[in-house]
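In: Dropping the sequence and predicted coords here.
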Amino acid sequence: MRLATLVLVLLISLLLACSAAEPVDAPVEAEGLPAAALAPETEPEPTAAAERRAAPEFALANLDGDLVRSDELRGKIVVLDFWATWCPPCEFQVPELNAFRESHASEPDVVVLGVSVDVEGPEVVGEWVTQKDVQYDVLVGGEELARRFGALGFPTLYVLAPDGTIEMEHVGLIEVADLESLVTRLRSGS
């Protein structure tokens, strides 16, 4: 019972830490916790077609300095993950997105992008990306774009349909199986 209470307190602390607009001075240690322990209990649901809205336009540089423009992503299913280096749960999202990206590496119609909201710049972000073995493209953004999308905390993930509308918004951690299910649904048109 005491362990369950401790885990619950830790989870709440982590979520509150990653909802802050600024990095916390002393981040909560999350090492050793499996991603499933931080995952939400309910499966993410796609947005009903009548409720979908157009994703905000953006043009952001990746860590190589190449510009990635949202209008160039039309016709593709885009997984867009807003995260920060100072957000402990964001670290647990990396292996899930790496696995999803790997399973779709040969499919040009599926793109995985991480958008850093850090203000320290590409050097700090690049170092974190290398340390955490991020295998998908990372864009150097900021909180302004995250807020335009509607993100209130991090990580927040959006799946964009090929027509550029937001198919799904998910706050917190998401598992590969949930992303796979959504991609299958988008491809089938249901």
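Out: It's in.

In: Show me the helices in the protein, by range?
Out: 2-19, 35-38, 88-103, 122-131, 143-149, 176-188 (DSSP state H).

In: Out of those helices, name the one with the poorest average pLDDT.
Out: Per-stretch mean pLDDT for these is lowest at helix 35-38 (a mean of 41).

In: tell me the contacts of the residue nearest the centre of the chain?
Out: Nearest to the geometric centre of the chain sits Asp81, at 2.2 Å (Cα atoms, centre = their mean). Asp81 makes contact with 93, 97, 112-115, 155-158, according to Cβ atoms under 8 Å, 6 or more residues apart in numbering. Any C-beta I mention is one placed from the backbone N, CA and C, and that applies to glycine too.

In: Quick one: buried ones out of those?
Out: 93, 97, 112-115, 155-158 (16 or more other Cβ atoms under 10 Å).

In: how about these, which pair is most distant?
Out: Using Cβ to Cβ, these span at most 14.7 Å, a distance reached by Val112 and Thr156.

In: What residues are bridge-paired with the closest residue in space to Leu80 that isn't next to it in sequence?
Out: Excluding its sequence neighbours, the residue lying closest to Leu80 (Cβ to Cβ, 6 or more residues apart in numbering) is Tyr158, at 4.6 Å. Under DSSP bridges, the beta-bridge partners of Tyr158 are Leu80, Glu169.
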